[in-house]
Each structure stands twice: as structure tokens, then as C-alpha cells.
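A.B. asks: model this:
(chains A and B)
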Amino acid sequence: NAGVTQTPKFQVLKTGQSMTLQCAQDMNHEYMSWYRQDPGMGLRLIHYSVGAGITDQGEVPNGYNVSRSTTEDFPLRLLSAAPSQTSVYFCASSSTGQGLGGYTFGSGTRLTVV
Amino acid sequence: AQSVTQLDSHVSVSEGTPVLLRCNYSSSYSPSLFWYVQHPNKGLQLLLKYTSAATLVKGINGFEAEFKKSETSFHLTKPSAHMSDAAEYFCVVSLDSSYKLIFGSGTRLLVRP
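C.D. replies: A predicted model of the protein is given here:
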């Protein structure tokens, strides 16, 4: 089925470890973004991309890296995990065809850093 | 700067009664506004969006919202709550008419039988 696929769904890391959260979409969407969701704070934008080879920082980019080598994939890298990065991470994609804000969200990755 | 305030962190209603979830926004531009719903342990689903067309916007599952520029509000309503409406709801504004979204802190809706 078409949509946004995130892997893994759950992950436990030790402080200082690195890992990559995967995000893939098969809708040929130009725009992709990563959000983190923390209790009582809604979702906050980490990084976004408006097309292959183009990325930019969002509201809370520190400790995270992204790259966009293809239209379909937008991985999020945690360089050195910290307990403050314990959160639920959502990837989202959109295209001009959906209009502003017509995002499709993945089902999320729940990350715990111990 | 754009911002979104959801006035209630929790709302509790009885099944079959009306739902009102309140949202106020701040934007220097003519905003694009959205409501998303998140069921437990699920991703987010778009309920409806306002992009400067009709001020009364109809969405999925019987929800609607009215854009009131004079009050800077975009409240979400539904005439009759259903048990399946129990979820968290987010009011969202589009940043500078770009693809970037600013989320409110969310309102958790509880529906009592």
C-alpha cells in the first residue's frame, strides 16, 4: 500500500550509541520531514527536505543529521544518543498535488535512550 | 512569528453530545490551518484544512471547523461524539505558507459511554 514507512517501530539505545531511523515513501512526494513528539509539546520539526539533495534544519536539529540522496528515502541519524532524545519520531511527506499541509505521516518510531 | 494555542489539554464528553475543541493561532500572514487526529499508538491523520477558501471547512468523520479571522480562532466541532472519536487532536498552522508546520500541544478527547 502507498504511504510512508518507518523502521524500526521500537528501539532502545544506550547513551552514546548511534543509529539511523529509516523513512521511505512511494508516492513521489517532493517534501519530507522529521518530527519528534514529546508529551504535552505536540510535534516539533527536526529537519526537512524539499527535494533530493536539499535539506534544512527545523526547530530542534541539534544531535541529528539527515541526507536525501533519493526522492523516496529520508533517513534520520542520531550521532551520539542522549536520554533527552527519548521520544516518538514521525516522518512525513507531502507533494504540491496535496496542497499545503496535505501530509502523510508514518506510524512512528518509539526511541528510548538509557 | 506563527504560533498555535490549544486552549484545553483534555476534553471529556458523553457519547452523542457535541464536541468543541478550541484553537487560537498567531500569524503574520494569511495562515493555512489544519486539524490532525492521532489515535493511540498510531500516526497522524489529516481531518481538515483551511487554505483561504470557504471559512467553514468540512472534514472527515463529521468534523468541521470555522476560520474566524477577527478572533484568530479555528475551533473544531462535531455535532455528536462517537466512541471512536476518542483520540488526541492537534491544531496546526503552516509556517510562512511553506511546507513547514507548527503544531499545538494537543487536546486529548475522552468520550464517555
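A.B. asks: Could you count how many residues lie near the residue lying closest to residue B:58 once chain neighbours are set aside?
C.D. replies: Computed as Cβ to Cβ, 6 or more residues apart in numbering or on different chains, the closest residue to residue B:58 that is not its neighbour in sequence is residue B:64, at 4.8 Å. The C-beta positions use only the backbone N, C-alpha and C, and glycine is treated the same way. Residue B:64: 16 surrounding residues under other Cβ atoms under 10 Å in any protein chain shown.
A.B. asks: what do you get for the one 10 residues further on?
C.D. replies: Residue B:74 sits with 28 neighbouring residues when counted by other Cβ under 10 Å.
A.B. asks: Residue B:85 and residue B:111, how far apart?
C.D. replies: 6 Å (Cβ to Cβ, to the nearest Å).
A.B. asks: no wait, residue B:88
C.D. replies: Counting by Cβ to Cβ - residue B:88 and residue B:111 are separated by 13 Å.
A.B. asks: how about residue 92, what does it touch?
C.D. replies: Defaulting to chain A. Residues counted as contacts of residue A:92 (Cβ atoms under 8 Å, 6 or more residues apart in numbering or on different chains) are A:4, A:32-35, A:103-106, B:44.
A.B. asks: wait, I meant chain B there
C.D. replies: A:101, B:4, B:33-36, B:101-104.
A.B. asks: Now, those that are in strands?
C.D. replies: B:4, B:33-36, B:101-103 (DSSP state E).
A.B. asks: any chance you could map the strands in chain A?
C.D. replies: Going by DSSP E, chain A shows strands at A:4-7, A:10-13, A:19-25, A:31-37, A:43-51, A:54-57, A:64-66, A:76-78, A:87-94, A:104-105, A:109-113.
A.B. asks: one step back: show the model's pLDDT score for the residue nearest to residue B:58.
C.D. replies: Residue B:64 is assigned 96 on the pLDDT scale.
A.B. asks: Residues touching stretch A:27-37, excluding its own?
C.D. replies: A:2-3, A:21, A:23, A:25, A:43-51, A:58, A:60, A:64, A:66, A:68, A:71, A:74, A:76, A:85, A:87-96, A:103-104, A:108, B:99-101, B:103.
A.B. asks: Let me see the mean pLDDT of that stretch.
C.D. replies: Mean predicted lDDT for stretch A:27-37 stands at 92.
A.B. asks: buried stuff in it?
C.D. replies: Residues of stretch A:27-37 classed as buried under the neighbour-count rule (16 or more other Cβ atoms under 10 Å in any protein chain shown) are A:29-37.
A.B. asks: One more: stretch B:45-64?
C.D. replies: B:45-51, B:57, B:59, B:63-64.
A.B. asks: do the same with stretch B:103-113
C.D. replies: B:103-107, B:109, B:111.
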